[in-house]
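>>> what shape does this take:
(one chain, ligands or ions: 1)
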Amino acid sequence: MIQKLKNEKALFKFYNSLKSDIPYCFDVDYDNWYTSMFQDTDYDNEPLFHNVHTYVSVDKNKITGFIQFGLPTFIHGENGARDTETTAGIIRNLYFQQGDEQAGRELIRQALAFFETNRTQRIFAFYHYFGMTCNAGHGKLHSSHFYIETLLSEYGFIKEHENVYYKRLISNAESLCDNTVELKYSAVNTKGLCLFDIIAQSKKVGAGSFVFLPQGKICYLKWIYIEDEFKKKGYAIAALQHLFSDLKRQGIERIDTDTADGNIAAQGLYCKAGFANMGRTRSYEMRSEKNSGLLESMASFFTSRVDGYDEHMLTNCEGCCDGYIKMAALVPKNTKALLDLGCGTGLELDEIFKVLPDISVTGIDLTQAMLDKLREKHPTKKLNLICGSYFDVEFEKDKYDCAVSFETMHHFSHKMKTELYKRIYKSLNTDGIYIECDYMVENQSEEDFYYSELERLRKEQNISKNEFYHYDTPCTIDNQIAILKEAGFVKIAQVYRQGNTTILTATR
Ligand SMILES: C[S@@+](CC[C@H](N)C(=O)[O-])C[C@H]1O[C@@H](n2cnc3c(N)ncnc32)[C@H](O)[C@@H]1O
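The predicted model follows:
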């Protein structure tokens, strides 16, 4: 059984039982582990994630596996620079027992549903720096767990990078310092990061950085380099030996590092400096189905996802949970008749009924399975549910005090929306209000990208323009406002935005 993590202490215990095989899962106390798992920051104390979720697989009340995924605040772009505009998602941790691939599949599906809702374009697994790191800034999948890779590949993940991991004990290392070079250290920052310059004959010939891991007697060497003109003079090995003896004096017993599998020079240096090869590590990447996969028809998309739909929207879709409450608060208190377009399982109605239990609702949705769920949740409410497309179903004129739509309009062209909004306008009575909560973007280029991708996919898959297929084509907030104006609405306001989830109100 898969469930949202409720007991962090139990996961801590489980995590500790796994780490003996993974050289970069260090011994830390619960508080340090908790921070690293759930509130992790980079070396400048900036958060690594803005939306992170953890699920566990459980058998007879015992954790047997877990997954942690989320949206990163940045990823490293092609040239290593930080890309903060990223639409990437990250599976940070994934563990299931070898032979229990079924649990692994269920855990992965949980993450993929989250990425689908959050429209991620690329998904990384064990992304360097975000993975099963526990403080060292290294989190690729270790070779002792490569069976997990087999399952990732089932879902279309391919290898992104491969590294070699090294460790060197320095507790009983002889004093190696040969004074060919001098190291000039910066102050250690609050995350334990220290930079150093390598000086030879009074000149800076290179630099490096390392981190003091909390609690342990371990340091992690992040990088070291020698300027091109000073290479092949033995400065790198001299610098490492100098570093070992300086750290040894400070009570450090072990230093770890890693390097790319193709970096033969660095591997040679680490071997010469006495590091032991602790195995290979890999990260993975998948381009989401949006870019390559088959489009699914709207109704079959939602029918196959109806189980677990509510929980998924409430927990994984940024801004939705609060958005439902906000929408309910915006429905005028004197509303007697409400039109809900694309009502689905009625998550917005769950909140609206709390405030206005007696209203009559006309709900229109393409997907019968979603409507069945809504009826099941609210058997005694005044619900007139119509299974059909709101582009086809007639709306009664001057009938409704309020019309709403939640996360359903981001699949259609400007033209279709304009015509639909004109009909919504006419269905409202004189002071009526239309409240739309939807996925909206800020830049025209983003909007253009999604429309052109949809066009490409439709052409490739020979799908006619008249069929409804599930593919997100969010509009910019400005365009949404302009379309509502064109349809006749007078006063239009943006009243809420969390992530890309945005609420606009439009009055007659
Ligand atoms: C993401 S769900 C939102 C459901 C609900 N409003 C909520 O927020 O949970 C989108 C819903 O819109 C429905 N839908 C999409 N296009 C539609 C159309 N042309 N006419 C009626 N319903 C449509 C889908 O069947 C689905 O139930």
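
>>> where does this protein dip in pLDDT?
78-80, 128-138, 172-178, 288-294 (pLDDT under 70).

>>> closest approach to the ligand from it, which residue is it?
Minimum separation of the chain from the ligand (Cβ to the nearest ligand atom) falls at Gly344, amounting to 2.5 Å. (Each C-beta comes from the backbone N, C-alpha and C, glycine too.)

>>> state the number of residues packed around that residue.
Gly344 has 25 neighbouring residues, counting by other Cβ atoms under 10 Å.

>>> next, it: secondary structure please.
coil (DSSP: H, G, I helix; E, B strand; the rest coil).

>>> which residues does the nearest residue to it once chain neighbours are set aside contact?
Nearest residue to Gly344 in three dimensions, chain neighbours excluded: Met370, at 4.3 Å (Cβ to Cβ, 6 or more residues apart in numbering). Met370 sits next to 302-303, 306, 309, 343-345 when contact means Cβ atoms under 8 Å, 6 or more residues apart in numbering.

>>> show me the two of those that sit farthest apart.
Pairwise distances across those peak at 15.2 Å for Thr303 and Cys343 (criterion: Cβ to Cβ).

>>> comparing these two, which residue is more hemmed in?
A direct count of neighbours by other Cβ under 10 Å for Thr303 and Cys343 places Cys343 higher, at 27 against 15.

>>> for that one, what are its contacts?
349, 361, 363-365, 370-371, 374, 385.

>>> and the residue nearest to Gly344, which of the three is it?
Assigned state for Met370: helix (three-state reduction, three-state DSSP).

>>> tell me the residues of this structure that contact the ligand?
298, 302, 313, 342-345, 347-348, 364-367, 370, 389-391, 406-408, 411, 468 (Cβ under 6 Å from any ligand atom).

>>> let's go with 5 Å and repeat that
By the rule Cβ under 5 Å from any ligand atom, the part of the chain lying against the ligand is 298, 302, 342, 344, 347, 365-367, 370, 389-390, 406-408.

>>> need those in a markdown table (columns: secondary structure).
Rendered in a markdown table, the data for the residues of the chain next to the ligand read as follows (three-state DSSP):
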| residue | secondary structure |
| --- | --- |
| Met298 | helix |
| Phe302 | helix |
| Gly342 | coil |
| Gly344 | coil |
| Leu347 | helix |
| Asp365 | strand |
| Leu366 | coil |
| Thr367 | coil |
| Met370 | helix |
| Ser389 | coil |
| Tyr390 | coil |
| Phe406 | strand |
| Glu407 | coil |
| Thr408 | coil |
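
>>> just the C-alpha atoms of stretch 156-175, please, in CSV.
Provided in CSV are the C-alpha atoms of stretch 156-175 (Å, rounded to 0.1, in the frame of the first residue of the first chain):
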residue,chain,number,x,y,z
GLY,A,156,11.3,6.1,-20.2
PHE,A,157,14.1,7.4,-18.0
ILE,A,158,17.6,7.3,-19.6
LYS,A,159,21.0,7.9,-18.0
GLU,A,160,21.9,11.5,-17.7
HIS,A,161,25.3,11.4,-16.0
GLU,A,162,27.6,8.8,-14.5
ASN,A,163,30.2,9.5,-11.8
VAL,A,164,32.7,7.6,-9.8
TYR,A,165,32.6,8.1,-6.0
TYR,A,166,35.7,8.1,-3.9
LYS,A,167,36.7,8.1,-0.3
ARG,A,168,39.9,8.5,1.5
LEU,A,169,40.6,7.8,5.2
ILE,A,170,43.0,10.4,6.6
SER,A,171,42.8,9.6,10.3
ASN,A,172,46.0,7.7,10.3
ALA,A,173,47.6,9.2,7.2
GLU,A,174,51.2,10.1,7.7
SER,A,175,52.0,13.8,7.5
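
>>> would you mind checking which of the contacts of Cys343 is nearest to Phe74?
Phe74 lies nearest to Met370 out of the contacts of Cys343, by Cβ to Cβ, at 36.0 Å.

>>> so how far is stretch 116-128 off the chain centroid?
With Cα atoms, centre = their mean, to the nearest Å as the basis, stretch 116-128 stands 6 Å off its chain's centre.

>>> repeat for stretch 432-446
Centroid separation between stretch 432-446 and its chain, computed with Cα atoms, centre = their mean, is 22 Å.

>>> hey, C-alpha coordinates of it in CSV?
Presented in CSV, the C-alpha positions along stretch 432-446 are these (Å, rounded to 0.1, in the frame of the first residue of the first chain):
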residue,chain,number,x,y,z
GLY,A,432,-24.1,37.7,-12.4
ILE,A,433,-20.5,36.8,-12.0
TYR,A,434,-18.2,34.3,-13.7
ILE,A,435,-15.3,33.0,-11.7
GLU,A,436,-12.6,31.1,-13.5
CYS,A,437,-9.7,29.3,-11.8
ASP,A,438,-7.3,28.0,-14.3
TYR,A,439,-3.7,27.2,-15.3
MET,A,440,-2.4,30.5,-16.7
VAL,A,441,1.1,31.6,-17.7
GLU,A,442,2.8,35.0,-17.7
ASN,A,443,4.7,35.1,-21.0
GLN,A,444,3.4,35.1,-24.5
SER,A,445,6.3,32.9,-25.5
GLU,A,446,5.1,30.1,-23.1
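
>>> much appreciated, bye for now.
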